[in-house]
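1. Sequence below, structure please.
(one chain, ligands or ions: 3)
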Amino acid sequence: MNNNINKNNNKNSNNKKNNDDQNKNKWKFNLIYVGIVLVILLIFNNVRESMYTEKIRYDEFLALLNSNKIEEVKISSDRLVITPKEGSEYGNKTLYTAYIGDEKLVDRLDAADVKYSGPDANNSFILEILLAYAVPLLIFFFLGRIMFGRMGKKMGGGGVMSFGKNTAKLYAESETGITFKDVAGQEEAKESLREIVDFLHDPKRYTDIGAKLPKGALLVGPPGTGKTLLAKAVAGEAHVPFFSLSGSDFVEMFVGMGAARVRDLFKQAEEKSPCIVFIDEIDAIGKSRDNAISSNDEREQTLNQLLSEMDGFDATKAVVILGATNRPEVLDKALLRPGRFDRRVIVDRPDLKGREDILKVHSKGVKMDNSVDLGAIARATPGAVGADLANMINEAALRAVREGRKMVVQEDLEESVEVILAGKEKKDRIMSPKEKRTVAFHEVGHALVAALLKNTDPVHKITIVPRTMGSLGYTMQLPEEDKYLVSKEEMLDQITVMFGGRAAEEVEFNSISTGASNDIERATQAARNMVTIYGMSEEFDMMALESVSNRYLDGRPVRNCSDETSAKIDEVTLNIIKGCHKKAIDLLEENRVLLNEISERLLEKETLLGEEFMSMVREYHKRGSLELAFDESTSEANKEE
Ligand code: ADP
Ligand code: MG
Ligand code: ZN
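-> Ligands and ions are numbered 1, 2, ... in the order given. Below you'll find the model as predicted:
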């Protein structure tokens, strides 16, 4: 409760400050506006004057006087205003000339029989100024107010008078109250964010030693996986204010508004440091500038402003910028450079355990019957994200109320799974059990071939949780050390690993699926490169058959050989591919029992880490060497099937 009051106080003082700022800006804007109108009027009046009046020399005036062409002269302290008679060469313009202190002027005027008088009374002069400047000014002013005021309101802001300072959509919390405990699963993401929390918590410890922390991290993952939640949790864990703005808020009706917002946001953030600035849907402004079909100046300006603010502010200031996107591939390279969003935190769809944890977190406030088995629900929802699961719990609670129960039972949960999954589009990839099985064998195929071959990188992780970038599962291999040269054996083994997925499908199901298209593409390219670029085939020895021109543009290799040679290249490439494919199949046939074991385990757990996988492989081989004879006979039997 106390906490709450504090929060409100804080918000109020925040608002007050914003208002002060806004008022100050309003005045500034009004002054500029008045200035512009004045200049316009000045020009306008000058033009009008030059249309109706003309300046002449004194001798010209005397000549006019002598030839009796002047009707009337008004004498003031610095000029003579002359009205020529009708039909003179000046038409009906009023003429004027500087008064040069001619003592004989009056005599001359008398002699020419011209009417003359002193200056007009003062008040008429004031009236003239008033008419020429003040009245139009007032009219402009009120017109402006009405026009811009309306427009401003329509945009949901405070009118143009406050533009740039339009902070209506800036969402600021002095204390989010959300911690890592509220984010279930996502252990890897939390781990990489923990350092940022630590930095925000005690910046001095880092700055004392001279360390610069990352200014920005990019949370990447499909919608609903908890990116916003994680960003808030970072602020909550570090007990620092949380500023957030959505990328689309930046791109507004008025040009220059987005850039002004960015400036504004960073100014406020720096005042409140240490703090978190969170930019949701950053792809709305950060889209790559090179391949845009229609260039959007406004977005570009906003992006540039963001980049320069990120570079500009003091690295010791303890402002950390978190961005979130589900389309990292469209982001401008400039955003990802060191010193900007150089860290990438993957927030992927949760695996089985993650899903169960999320269900647990969200069922905390909900009364559940003892019979409820959240694990079963988690198993039934592969591919579902945090937002779906939170929704399921709520949907189940609603159903329980509808059915007049006091507690949620398993049936409610099962029913809500149906509702939510059916409501979701197919593209969200909730796999059928059969597909899941295929994917599991496919991925284990890759991993197992990698483990059984000598010249390959160790397997780091295998998963069948559908992933952001479109694959249904993946096997991740991480090299033990950085490599700059790849040997022929390594290339061949890599190609064999790429075929491991399809080979496993063939070995286990004796049927093949479309799931290997990417593997095939990559493997073919690698095999081709061996022949045409790296000189690794016997047939062509060290002949360069393709060269990569334009290395920095598209980098596509250009063929430089005859058509016959080209056909031969295809043949040689195909031989490499066939050899590797066969090798992958042979390896998996030999280890079919292991392939099955691991695949079943993966189906059950959805994600296997490298160590667990390797220990299964090692254990199998230990068993194998003890029961060598037995093992051989079973693998024979398998082949006969
Ligand atoms: P994103 O920003 O990635 O689209 P959100 O952070 O807005 O997703 O998540 C929407 C909601 O889904 C959250 O408010 C939360 O209730 C729930 N949610 C998502 N992921 C998790 C998670 N890992 N743990 C707990 N709740 C989650
Ligand atoms: Mg979000
Ligand atoms: Zn594959």
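2. for the most centrally placed residue in the chain, what are its contacts?
-> Against the mean C-alpha coordinate of the chain, by C-alpha atoms, centre = their mean, the closest residue is Ile282 at 1.9 Å. Taking C-beta atoms under 8 Å, 6 or more residues apart in numbering, we find Ile282 in contact with 218, 247, 323-325, 331, 335, 341. Bear in mind the C-beta positions are built from the backbone N, C-alpha and C, glycine included.
3. Tell me the confidence at the residue in the stretch 51-200 of the chain that ligand 3 sits nearest to?
-> Nearest residue of the stretch 51-200 of the chain to ligand 3, counting by C-beta to the ion: Glu188, 22.0 Å away. pLDDT recorded at Glu188 is 86.
4. and what of Arg623?
-> Reported pLDDT for Arg623: 84.
5. Looks to me like it is in a helix.
-> Yes. Judged by DSSP: H, G, I helix; E, B strand; the rest coil, Arg623 forms part of a helix.
6. and the chain, which residues reach ligand 1?
-> 183-186, 221, 223-229, 324, 358, 361, 386-387, 390 (C-beta under 6 Å from any ligand atom).
7. Distance of Ser308 relative to ligand 1?
-> Distance of Ser308 to ligand 1, given as C-beta to the nearest ligand atom, to the nearest Å: 27 Å.
8. Tell me the secondary structure at that residue.
-> Assigned by three-state DSSP, the conformation of Ser308 is helix.
9. Contacts only, for Leu595.
-> Contacts for Leu595 (C-beta under 8 Å, 6+ apart) come out as 441, 444-445, 448, 504, 507-508, 588.
10. Tell me, how many residues neighbour Thr573?
-> Using other C-beta atoms under 10 Å, Thr573 is surrounded by 20 other residues.
11. between the contacts of Leu595, which has the most around it?
-> Within those, most neighbours by other C-beta under 10 Å means Val444, with 33 neighbours.
12. tell me which element that residue is part of?
-> Element membership of Val444 [criterion: DSSP states H and E] is helix 433-452.
13. CA atoms of that helix as CSV?
-> Taking Å, rounded to 0.1, in the frame of the first residue of the first chain, the C-alpha atoms of helix 433-452 are listed here in CSV:
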residue,chain,number,x,y,z
PRO,A,433,2.1,-35.3,-33.1
LYS,A,434,3.1,-36.9,-36.3
GLU,A,435,4.9,-33.8,-37.6
LYS,A,436,6.6,-33.5,-34.2
ARG,A,437,7.9,-37.0,-34.5
THR,A,438,9.3,-36.4,-38.0
VAL,A,439,11.0,-33.2,-36.8
ALA,A,440,12.5,-35.0,-33.8
PHE,A,441,14.1,-37.8,-35.9
HIS,A,442,15.3,-35.2,-38.4
GLU,A,443,17.1,-33.1,-35.8
VAL,A,444,18.5,-36.1,-34.0
GLY,A,445,19.7,-37.3,-37.4
HIS,A,446,21.8,-34.2,-37.8
ALA,A,447,23.1,-34.3,-34.3
LEU,A,448,24.0,-38.0,-34.4
VAL,A,449,25.8,-37.8,-37.7
ALA,A,450,27.7,-34.8,-36.2
ALA,A,451,28.6,-36.8,-33.1
LEU,A,452,29.7,-39.9,-35.1
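14. Checking my notes, Gly404 in a strand, right?
-> No. The assignment for Gly404 (three-state DSSP) gives coil, which keeps it out of a strand.
15. where's it relative to ligand 3, distance?
-> 50 Å (C-beta to the ion, to the nearest Å).
16. Equivalent analysis for Ala324, please.
-> From Ala324 across to ligand 3, the span is 29 Å (C-beta to the ion).
17. In contact with that residue, which residues?
-> Each residue near Ala324 by C-beta under 8 Å, 6+ apart is listed here: 218-220, 227-228, 231, 278-282.
18. Pull out the buried residues from those residues.
-> Buried members of the contacts of Ala324, scored by 16 or more other C-beta atoms under 10 Å, are 218-220, 227-228, 231, 278-282.
19. Those residues into CSV, with extra columns for secondary structure?
-> Shown next, in CSV, are the buried ones among the contacts of Ala324 (three-state DSSP):
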residue, secondary structure
Leu218, strand
Leu219, strand
Val220, strand
Lys227, helix
Thr228, helix
Ala231, helix
Phe278, strand
Ile279, strand
Asp280, strand
Glu281, coil
Ile282, coil
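20. Would you convert those residues into CSV that also reports pLDDT?
-> CSV is the format used below for those (pLDDT from 0 to 100):
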residue, pLDDT
Leu218, 90
Leu219, 92
Val220, 90
Lys227, 93
Thr228, 92
Ala231, 93
Phe278, 90
Ile279, 87
Asp280, 87
Glu281, 85
Ile282, 84
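21. What are the buried residues along stretch 32-48?
-> Of the residues in stretch 32-48, those buried (16+ other C-beta under 10 Å) are 33, 37, 41.
22. Would you mind listing the outside residues contacting that stretch?
-> 132-133, 136-137, 140-141, 144.
23. and that stretch, C-alpha only, in CSV?
-> What follows is stretch 32-48, C-alpha atoms only, in CSV (Å, rounded to 0.1, in the frame of the first residue of the first chain):
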residue,chain,number,x,y,z
ILE,A,32,8.3,32.3,-32.9
TYR,A,33,4.9,32.3,-34.4
VAL,A,34,4.4,36.0,-33.7
GLY,A,35,7.8,36.7,-35.1
ILE,A,36,7.0,34.9,-38.4
VAL,A,37,3.7,36.7,-38.8
LEU,A,38,5.4,40.1,-38.2
VAL,A,39,8.0,39.4,-40.9
ILE,A,40,5.2,38.4,-43.3
LEU,A,41,3.3,41.6,-42.6
LEU,A,42,6.4,43.7,-42.9
ILE,A,43,7.1,42.3,-46.4
PHE,A,44,3.5,42.6,-47.3
ASN,A,45,3.3,46.3,-46.3
ASN,A,46,6.5,47.1,-48.1
VAL,A,47,5.2,45.6,-51.3
ARG,A,48,1.9,47.4,-50.9
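24. pLDDT on that stretch, on average?
-> 80.
25. can you tell me which of the buried ones among the contacts of Ala324 lies nearest to Asp202?
-> The closest of the buried ones among the contacts of Ala324 to Asp202 turns out to be Ala231 (C-beta to C-beta; 19.9 Å).
26. From Val347, how far off is Phe142?
-> Applying C-beta to C-beta, to the nearest Å, the value for Phe142 to Val347 is 53 Å.
27. Neighbour count for the two, which is higher?
-> Each of Phe142 and Val347 has its neighbours counted (other C-beta under 10 Å); Val347 has more, 28 against 10.
28. Could you report the neighbour count for the closest residue to that one other than its chain neighbours?
-> Nearest non-adjacent residue to Val347, counting by C-beta to C-beta, 6 or more residues apart in numbering: Gly221, 3.4 Å away. Gly221 is flanked by 24 other residues according to other C-beta under 10 Å.
29. could you pull out the helices for the stretch 201-350 of the chain?
-> 203-209, 227-238, 247-250, 257-271, 283-286, 297-312 (DSSP state H, counting those that start in this stretch).
30. Need those helices in JSON lines (columns: distance to Arg623).
-> JSON lines is the format used below for those (distance: least, C-beta to C-beta, whole Å):
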{"stretch": "helix 203-209", "distance to Arg623": "51"}
{"stretch": "helix 227-238", "distance to Arg623": "43"}
{"stretch": "helix 247-250", "distance to Arg623": "55"}
{"stretch": "helix 257-271", "distance to Arg623": "60"}
{"stretch": "helix 283-286", "distance to Arg623": "50"}
{"stretch": "helix 297-312", "distance to Arg623": "56"}
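31. Quick one: closest of those helices to Lys605.
-> Closest to Lys605 of the helices of the stretch 201-350 of the chain, according to C-beta to C-beta: helix 227-238, at 23.5 Å.
32. got a list of contacts for the closest one?
-> 173, 175-180, 182-183, 186, 189-190, 193, 196-198, 200-201, 219, 221, 241-242, 244, 274-276, 278, 280, 320, 322, 324, 345, 347, 386.
33. Please apply the same query to stretch 397-417.
-> 363, 366-369, 371-374, 376-377, 380-381, 391-393, 395-396.
34. Thanks again, I'm all set now.
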